[in-house]
Structures are given as C-alpha cells and as structure tokens.
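Novice: For reference, the sequence and a predicted model appear below.
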Amino acid sequence: MTAIEDNVRKVRERIAAACARVGRDPREVTVVAVSKTVEVERIRQAIAAGVTVIGENRVQEAWPKVQAIGRGVAWHMVGHLQTNKVKRALECFDLIQSVDSLHLAEEISRRASACGRRVEVFVEVNTSGESSKFGVPPEQAPELVARIAALPGVRVMGLMTVGALLPDPELVRPCFVTLRQVKEEIDRRGIDNVQLRHLSMGMTDDFEVAVEEGATMVRIGRAIFGPRTDGAVGQQPDHVQRICS
C-alpha cells in the first residue's frame, strides 16, 4: 500500500467516525481530492485508492492533468474562476464549485449553451465574512441562486464554502452551520429549477466538523497528498482534445 492509499483510507475512517457521531451514512459523503501542485503520478495513486473526484484550483494547472489522466474520474473546479478562463474551464471540468456572481454564471451559461451543454455548478457562499474570501454573502445567496437557476446553460446543484482559517476546527463550525441554514432557506423557498443536493464544505483541518454539520462533499488536499510543494503542475499533454471550442 502506498502512502497516498493509506492516507485515503485514514480520511475515509475519519469521515465514517464523524458520520457515526451524528447518525449519518458515510456513503453520503464524497471525497474530493484537491490536487493543487500534485504530480500526475500521485493523483493516479489516489484514484487507484478509490478517489472518484479530483479538485483543482486553477484552470491552467488542471488542463495538462486532465489530458494526461483522462475522464475516468470527475473533475471539479474548486478555486476562484475568472470569466476570461471560462472557455477553458468548460473544457476541463465536469462541475464548477466556485460560482460567486451572476456575471460569472452568465458567461458559463453562454459558453455552455453555445456547445449544447448544461453545466452543473455550486454557488460559493462567504460564510466567514472575511474580505479575503470569495463568495456571495449568506443573506444574498437565495436571490443569486434563483437568478442563476433561470439561465439555460447551468444547473445549480449545491452550495460551497471555505471556512475561516482558525486553529481549532470547532471555531469553524459556525461557518458550516451557516451554509446548511442557507440551503434550508433555499429549499424552503422552492426555487424553480433548483434541487440542492450537495453541501461542499470542510478541508483537511476541519472536514470532520463539516461532516457533522451535513457536508456531502469534503475537499481534501494535504491529508491525502501531504504538504504542498510549489511548481509541480503535472505532465504536459501529448495532444489536445477539445471538448468544446
């Protein structure tokens, strides 16, 4: 067993323990292995260990990895997305977790519709209130979700948040509670074309608390791949296969 395989096993055990504490089924929680700066070979080891979703923060880093590894796994955009990167993002990703404005959603919808697609997205909510973080304020999220849901080229499938960076995971819990409450409010409103199936919240330092608060996706980097190193961006592709141009 490789170190990465062992790490994936330990993450799943911790998720199962967190689920047991609150009476949830661990099968409700999907691990998104965040592979920022991780080489292709090590991503393949995570996939061999059973990981089915890979998360990337940047379009330009994801592109060669997608080409090298292929579509045997789902690829999620989990970092901030600029509108001028949407075209390439649609070539890379199956789902974009970081939609934080109507303007960005409109560009995604426009590009997706042009090639006959309807792209699944999450709306990013800034639950910590930190100005350094992206995301719509919680009180504005229902209205944004409603307006995005009216666009023809996107399908709103969930909410995502990045919790506050604090040393004690318990201190981050209010962020996850807030996201769950936003989802409950959106569900209560019964917005057309919206069925929020996912709460993407929790990372290496706080994912167990997020699971206790209802996370259905946790975004795990260091606990699977170890400490990050700079500069590793994956192998270059032998060829370019465009999904949408």
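Specialist: Done, it's in.

Novice: now this structure, which segments are flagged as low pLDDT?
Specialist: 229-245 (pLDDT under 70).

Novice: same thing but 80
Specialist: For the chain, the stretches with pLDDT under 80 are 228-245.

Novice: any chance you could map the helices in it?
Specialist: Per DSSP state H, the chain carries helices over the ranges 3-22, 40-48, 59-69, 86-92, 102-114, 141-149, 169-189, 207-212, 222-225.

Novice: Out of those helices, which is the most enclosed?
Specialist: The highest average neighbour count among the helices of the chain, using mean count of other CB atoms under 10 Å, belongs to helix 207-212 at a mean of 24. To be clear about C-beta, it is placed using only N, CA and C from the backbone, and glycine gets the same treatment.

Novice: Tell me which other helices or strands it touches.
Specialist: Applying 3 or more CB pairs under 8 Å, 6 or more residues apart in numbering; DSSP states H and E, we find helix 207-212 packed against helix 3-22, helix 169-189, strand 217-220.

Novice: Reformat the ones you listed as CSV; add distance to residue 83.
Specialist: As requested, these are exported to CSV (distance: least, CB to CB, whole Å):
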stretch, distance to residue 83
helix 3-22, 34
helix 169-189, 24
strand 217-220, 23
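
Novice: Which one of those lies nearest to residue 122?
Specialist: The closest of the helices and strands packed on helix 207-212 to residue 122 is strand 217-220. By CB to CB, the value is 8.6 Å.

Novice: Any idea how far the closest one is from the middle of the chain?
Specialist: Centroid separation between strand 217-220 and its chain, computed with CA atoms, centre = their mean, to the nearest Å, is 7 Å.

Novice: quick thing: my sequence starts at 11, can you match it?
Specialist: Done: numbering now begins at 11, and the last item shifts to strand 227-230.

Novice: Against which helices or strands is it packed?
Specialist: If contacts are counted by 3+ CB pairs under 8 Å, 6+ apart, strand 227-230 sits against strand 40-44, strand 208-210, helix 217-222.

Novice: Distance to residue 194 added to these, as a markdown table?
Specialist: What follows is the helices and strands packed on strand 227-230, written out as a markdown table (distance: least, CB to CB, whole Å):
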| stretch | distance to residue 194 |
| --- | --- |
| strand 40-44 | 20 |
| strand 208-210 | 10 |
| helix 217-222 | 16 |
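
Novice: For residue 28, which of these is the nearest?
Specialist: Nearest to residue 28, of these and by CB to CB, is helix 217-222 at 4.0 Å.
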